[in-house]
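> below are the sequence and a predicted model; questions follow.
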Amino acid sequence: MSDFKYFTRDEFKCQETGENRIEDELIYKLDHLRGVLGWACTITSGYRDPSHSAEINKPNGGGSHTKGIAADIAVSNGKQRHEIVRHAMALGFTGVGIAKTFVHLDIREDTPVVWTY
């Protein structure tokens, strides 16, 4: 059993299947980020089973969520987006996707990338 400070493994389970193959390394990094931010973070999507509707048509069995190395964090304004992105990049997150209502963070091992939705 892992000892995370701010998150539980259940927050990262697949919303469609209940499966949960999230990597501890990701949760530890998110825990660190949460501590730096100083405010609660809501995970809107963590692990996604390859059969998840958002992953089913993606090549190679799905994206970083299916590998257990990604999570989306809810945001309500530009200041939150900025704070999450700024600190996440400083903490070594290598995939950052910015949307109106969430920020995607992952720990991919290939080329670091930032995108918008």
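Sure thing, it's come through.
> tell me who's in contact with C41.
C41 sits next to Y6, L30, L33, R34, I73, A74, I84 when contact means Cβ atoms under 8 Å, 6 or more residues apart in numbering. C-beta coordinates here come from the backbone N, C-alpha and C atoms, glycine included.
> let's go with 7 Å and repeat that
R34, I73 (Cβ atoms under 7 Å, 6 or more residues apart in numbering).
> and what of the one 3 residues further on?
T44 sits next to D72, A74, F102 when contact means Cβ under 7 Å, 6+ apart.
> if I look at the last one, what pLDDT would I see?
Predicted confidence (pLDDT) for F102: 98.
> skip the chain neighbours and tell me the closest residue to it.
D72 (4.4 Å; Cβ to Cβ, 6 or more residues apart in numbering).
> is it true that that neighbour touches T101?
No - using Cβ atoms under 7 Å, D72 makes no contact with T101, being 9.0 Å away.
> so between these two, which is more surrounded?
D72 (19 against 11; other Cβ atoms under 10 Å).
> quickly run through the sheet partners of the helix or strand harbouring that one, with directions.
If you go by DSSP states H and E, D72 is part of strand 70-74. Sheet pairing for strand 70-74, assigned by DSSP bridges, gives strand 43-45 (antiparallel), strand 102-106 (antiparallel).
> most packed of those?
strand 102-106 (a mean of 23; mean count of other Cβ atoms under 10 Å).
> in CSV: the strands paired with strand 70-74, plus distance to H52.
Below are the strands paired with strand 70-74 laid out as CSV (distance: least, Cβ to Cβ, whole Å):
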stretch, distance to H52
strand 43-45, 9
strand 102-106, 15
